[in-house]
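1. Show me how the following folds:
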Amino acid sequence: MSSLSLPAPIAAYFVADKQGPDRVAQCFTPEAEVRDNDEVYTGRDAIRAWKKAADAKYTCTTEPFSVELIEGVHAVKAHVTGNFAGSPLDMKFFFRLERGLIGHMEVSV
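-> Here you go, the predicted model:
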């Protein structure tokens, strides 16, 4: 990653993203929610399954390049390159942190 200063739980997520579903799930609170592609995944088991399915379907690299705090939500823009339609593209990740972990994450284009 670049010299971008991300809050620790968000930085940990982007590192875990390269390490697999189990590591990703541990970045979230037990009751966390992920919204991606008009689907909602609630709880670590569902988040782990979401990540496992995404990893099976796509190979990609994600490099965050900006972060902004807006009303308690960290909006991170990242350059994503991989084997998906439209690659490469810049995506937005919205994080709400709770108790030192991610309580909510939304992914959008």
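2. Give me the next element, helix or strand, following the helix or strand encompassing residue 56.
-> Here residue 56 sits within helix 44-57, counting by DSSP states H and E. Later in the chain than helix 44-57, the nearest helix or strand by DSSP H and E is strand 60-70.
3. List the pairing partners of that following strand within its sheet, with orientation.
-> strand 73-82 (antiparallel) (DSSP bridges).
4. and the closest residue to residue 77 other than its chain neighbours, how far is that from residue 4?
-> Among residues not flanking residue 77 along the chain, residue 66 sits closest, at 4.6 Å (C-beta to C-beta, 6 or more residues apart in numbering). (Each C-beta comes from the backbone N, C-alpha and C, glycine too.) Using C-beta to C-beta, to the nearest Å, residue 66 is found at 7 Å from residue 4.
5. neighbour-wise, which of the two wins?
-> Taking neighbours as other C-beta atoms under 10 Å, residue 66 and residue 4 compare with residue 4 leading, 16 against 11.
6. just checking, that one touches residue 68?
-> No: Residue 4 lies out of contact with residue 68 (C-beta atoms under 8 Å); the separation is 11.4 Å.
7. In contact with residue 12, which residues?
-> Residue 12 is in contact with residue 27, counting by C-beta atoms under 8 Å, 6 or more residues apart in numbering.
8. Secondary structure element for it, which one?
-> helix 8-16.
9. do the same with residue 30
-> strand 28-36.
10. Now do that strand: which elements does it pack against?
-> On a contact count with 3 or more C-beta pairs under 8 Å, 6 or more residues apart in numbering; DSSP states H and E, strand 28-36 meets strand 39-42, helix 44-57, strand 101-108.
11. Residue 10 is nearest to which of these?
-> strand 101-108 (7.2 Å; C-beta to C-beta).
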